[in-house]
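1. sequence first, then the predicted structure, then my questions.
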Amino acid sequence: MAKLDLKKYIRDIPDFPKPGILFKDITTLLSDPEAFGYSIEAIADSFKNNKIDAIVAVEARGFIFGGAVANKLKAGFIPVRKRGKLPWKTKSVSYELEYGTDSLEIHQDAIKPGSRILIVDDLLATGGTVKAVTDLVKEMQGVVAGVAFVIELGFLKGREKLKDYPVVSLIQY
């Protein structure tokens, strides 16, 4: 697979969602078939020899990449959603945000003990959300085989919260 510079497919939007934030917009990457396909292939290739049983992806943009990577790796797909969005019995995890706390949920029967799980999301910032997801996977006796992102904001040091796992990011800022 020829290397593709994915940074040129990311649009910067200043002051979104609030003043002082420079938002990294992936919709321009998603709308380009070559860039989107490359990002899926690159994540899947990074874990193709890891015997992944399921992809756990975080609502909502993580679903876009997670579902496609699951298909590529011939693995199951498990959604992690905000509280109250899943229809069956759930397990929940709370985590800290810069302005408070939030919760994520997963179906209580989604992960079989010993299953090898790859967690996929679009962006790694502070790492709080995905760290909470790794805790949830471990609580359900799954094995976190790795964590993958399209974009990593390295200056926010989110990777430090995930130091116990292989981390792949396709674009670093």
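-> Cool, got the structure. Residues are numbered from 1 along each chain as shown.
2. using the three-state scheme, assign the residue of the chain most remote from its centre.
-> The outermost residue of the chain, judged against the average C-alpha position, is residue 19 (25.3 Å), by Cα atoms, centre = their mean. Assigned by DSSP: H, G, I helix; E, B strand; the rest coil, the conformation of residue 19 is coil.
3. what strand or helix carries the residue most central in space within the chain?
-> For the chain, residue 121 is the residue whose C-alpha lies nearest the centre (Cα atoms, centre = their mean; 1.6 Å). Using DSSP states H and E, residue 121 sits within strand 116-124.
4. can you list the weak-confidence ranges in this protein?
-> Across the chain, residues meeting the criterion (pLDDT under 70) sit at 98-99.
5. select the longest helix from it.
-> helix 33-47 (DSSP state H).
6. which ones are touching the spatially closest residue to the residue nearest to the centre of the chain that is not a sequence neighbour?
-> Distance criterion Cβ to Cβ, 6 or more residues apart in numbering; nearest residue to residue 121, sequence neighbours excluded, is residue 62 at 3.9 Å. (Glycine included, C-beta is placed from N, CA and C.) By Cβ atoms under 8 Å, 6 or more residues apart in numbering, the residues touching residue 62 are 80, 120, 121, 122.
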